[in-house]
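J.: turn this into a structure:
(chains A and B)
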Amino acid sequence: KAGVTQTPRYLIKTRGQQVTLSCSPISGHRSVSWYQQTPGQGLQFLFEYFSETQRNKGNFPGRFSGRQFSNSRSEMNVSTLELGDSALYLCASSLVFIRGQGNSGANVLTFGAGSRLTVL
Amino acid sequence: AQKVTQAQTEISVVEKEDVTLDCVYETRDTTYYLFWYKQPPSGELVFLIRRNSFDEQNEISGRYSWNFQKSTSSFNFTITASQVVDSAVYFCALSEPAYSGAGSYQLTFGKGTKLSVIP
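T.: Next up is the predicted model:
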């Protein structure tokens, strides 16, 4: 079973540019979340999508946006890049709780290897 | 608001020693989930365990064991007979309740504990 795939793995951008990161979840996982990891702030929640709808958003400026497609694949976009946006961006996918089922795997996030963004 | 505190920033142990990683959490929810993840140098977060707030049983999985104490809001992780391959950053995390098909699976992470196992 393929894991969570993130592309690109590494990228370098300059201030003011924009970037789009892609995430393919594990087959059958309908919830996709994004996290930013920096040495100073640690792991911070960006947003979560389920059935093409953003269910929750972290405390990030509007320059950070995302979307989810009908096949559960997700993209996130950062516009007008700043030096402080340099980080490891992690995508995670999860099964969702379904009433009447065991749900042992629900809300257990499986993370991808991340996209390391450097802003110069 | 939810908060997770991992007071130990870095720990170094000699191989075969036992080591305990501390995790203290804060939440106003009566139902919640606690997690531990491992992040090796490769960067990918690896799931270790999920525990819901109703289940205070300790759990053992091979050399790993977890001690959940709701009374002290702690969810500590012990590695017995540590090995060099255990060297990584370990994160404790907290999730709000999730309901069938709804709710959000947002995780609040601690700052992590970097474990170095010296041969």
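
J.: got the residues of chain A near chain B?
T.: Residues of chain A lying near chain B by Cβ under 8 Å from any Cβ of the partner chain: A:31, A:33, A:35, A:42-43, A:45, A:48, A:50, A:55-56, A:58, A:88, A:90, A:92, A:94, A:96-99, A:106-114, A:116. In this view, the C-beta of every residue, glycine as well, is placed from N, C-alpha and C.

J.: 7 Å instead, please
T.: Residues of chain A lying near chain B by Cβ under 7 Å from any Cβ of the partner chain: A:31, A:33, A:42-43, A:45, A:48, A:55-56, A:88, A:90, A:94, A:96-99, A:106-114.

J.: just the ones of those residues in strands?
T.: Cross-referencing the residues of chain A next to chain B against strands under DSSP state E gives A:31, A:33, A:42-43, A:45, A:48, A:55-56, A:88, A:90, A:94, A:110-111.

J.: quick check, nearest of the residues you listed to residue B:96?
T.: When these are ranked by distance to residue B:96 (Cβ to Cβ), residue A:56 comes first, at 9.2 Å.

J.: remind me which residues of the chain are low pLDDT?
T.: With no chain named, the answer covers chain A. Residue ranges of chain A with pLDDT under 70: A:1, A:98-106.

J.: could you do chain B instead?
T.: Low-confidence segments of chain B, defined by pLDDT under 70: B:97-104.

J.: ok, 50 please
T.: Residues of chain B that meet the criterion pLDDT under 50 lie in B:100-101.

J.: can you tell me the closest non-neighbouring residue to residue A:32?
T.: residue A:74 (4.2 Å; Cβ to Cβ, 6 or more residues apart in numbering or on different chains).

J.: OK, contacts around that neighbour?
T.: Contact partners of residue A:74, counting by Cβ atoms under 7 Å, 6 or more residues apart in numbering or on different chains, are A:23, A:32, A:49, A:66, A:67, A:68, A:91.

J.: of these, select the buried ones using a ChimeraX command.
T.: Here is the ChimeraX command that selects the buried residues among the contacts of residue A:74 (16 or more other Cβ atoms under 10 Å in any protein chain shown):
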select /A:23,32,49,66,68,91
